[in-house]
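[1] Any chance you could fold what I've pasted below:
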Amino acid sequence: MELKRGVGPWLCLHHLLAAGVWKAWKTYVEDYEPPSDGQFSKILVPTVDVVRTTWLLSTVMGAGKPCLLVGESGTAKSVTIGNFLGSLDAATNIILNINFSSRTSSADVQRAVEDSTEKRTKDTYGPPMGKRLIMFLDDLNMPRVDKYGTQQPIALLKLFIERKGLYDRGKELSWKNMKDVQVVAGMGPPGGARNPVDPRFISLFNVFEIQFPSTDNLRTIYQVRMGPCVGRGGGWRCLQGRVVDDSLCGRRCWHCRRSSRATCSSCPATRSARSWATGSRT
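    Numbering: from 1, shown residues only. Predicted coordinates:
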């Protein structure tokens with residue numbers, strides 16, 4: 001199999017240890033199925049990146065280790081994690097979603113954890129017996145930094161992951177051992193409202209960078225999403241690939257040959273795709 005130049009083999013291939021063979025990640029990509037409830041935020045077109053990231057999540061979470069995905073906005077970190085968690089058996093897994101913001105405090109995080117767990121023994125807590133609690137922490141680096149240079153929710157989570165427990169905030173400050181709880185998180189690189197996170201905390205995770213989709217993956221996404229739109233247009237289906245290519249690479253418009261835009265607003269193909277996408281036919 002020929003590998004793309006500049007791309008590591010592990011990005012293209014998956015080693016099947018049992019069979020002792022290498023298979024391309026592309027062979028694991030399944031057909032797109034729209035979300036049953038039709039929510040736009042749940043749309044996830046299967047691509048090589050999605051398949052590979054899902055496999056990494058499954059492997060790390062299956063080993064009982066915390067996992068962190070880092071990437072810019074638009075790299076489908078949250079959607080990929082949400083899709084993976086949604087595929088787990090609901091009978092044995094409880095999902096706790098916590099969306100961090102600048103106003104999130106350590107008390108908010110501890111309250112959410114305690115509300116999702118129950119007492120098992122004198123000082124041991126956890127989800128109902130036979131189940132696993134998975135905490136999905138989105139926008140992990142959003143909490144503000146206090147005057148001591150600390151993000152309080154991060155400090156609490158560091159204690160929670162490192163020592164597998166929490167202190168009761170009551171008068172006695174008794175220690176609570178937490179069992180059968182795992183953590184998976186996503187965040188963007190520092191900048192804007194996102195703050196740098198304590199590297200000692202990050203060292204507790206298996207960290208993976210999620211890059212922006214390649215041109216091939218973007219082409220797959222555009223074609224899958226544009227298919228139903230141009231399909232209703234009859235003769236416009238044959239123009240689908242050319243419209244997608246011009247939209248992605250920014251080349252000269254194939255209809256009017258103007259170089260100022262990827263596609264010209266006067267193109268009948270562009271007008272048709274827009275009208276069908278918005279549900280209005282001109």
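[2] Could you list the buried residues of stretch 70-88?
    Neighbour-count burial for stretch 70-88 flags 70-71, 75-85 (criterion: 16 or more other Cβ atoms under 10 Å). Every residue, glycine included, has its C-beta placed from N, CA and C.
[3] Which of those residues fall in helices?
    Lys77, Ser78, Val79, Thr80, Ile81, Gly82, Asn83, Phe84, Leu85 (DSSP state H).
[4] pretty sure the second one contacts Gly186?
    Yes: with contact defined as Cβ atoms under 8 Å, Ser78 reaches Gly186; the gap is 5.4 Å.
[5] who touches both of the two?
    Asp138 (Cβ atoms under 8 Å, 6 or more residues apart in numbering).
[6] Return the member of the buried residues of stretch 70-88 nearest to Gly62.
    Phe84 (11.1 Å; Cβ to Cβ).
[7] what's the nearest residue to that closest one if we skip its chain neighbours?
    Leu57 (4.8 Å; Cβ to Cβ, 6 or more residues apart in numbering).
[8] Please state the offset of the strand or helix carrying that neighbour from the chain centre?
    Assigned by DSSP states H and E, Leu57 belongs to helix 48-62. Relative to its chain's centre, helix 48-62 lies at 10 Å (Cα atoms, centre = their mean, to the nearest Å).
[9] just the helices in the stretch 101-250 of the chain please.
    Ranges of helices within the stretch 101-250 of the chain are 106-115, 152-163, 199-202, 215-231, 240-249, based on DSSP state H, counting those that start in this stretch.
[10] Where among those helices is average confidence lowest?
    Comparing mean pLDDT across the helices of the stretch 101-250 of the chain, the weakest is helix 240-249, with a mean of 65.
[11] need the contact list for Asp180.
    Per Cβ under 8 Å, 6+ apart, neighbours of Asp180: Gly126, Pro127, Lys131, Arg132, Leu133.
[12] Next, work out how far apart it and Thr54 are.
    22 Å (Cβ to Cβ, to the nearest Å).
[13] Then Gly186?
    14 Å.
[14] Compare those two (neighbour count), which wins?
    Gly186 (24 against 18; other Cβ atoms under 10 Å).
[15] My read is that the more buried one contacts Asp139, right?
    Yes: counting by Cβ under 8 Å, Asp139 is a contact partner of Gly186 at 7.4 Å.
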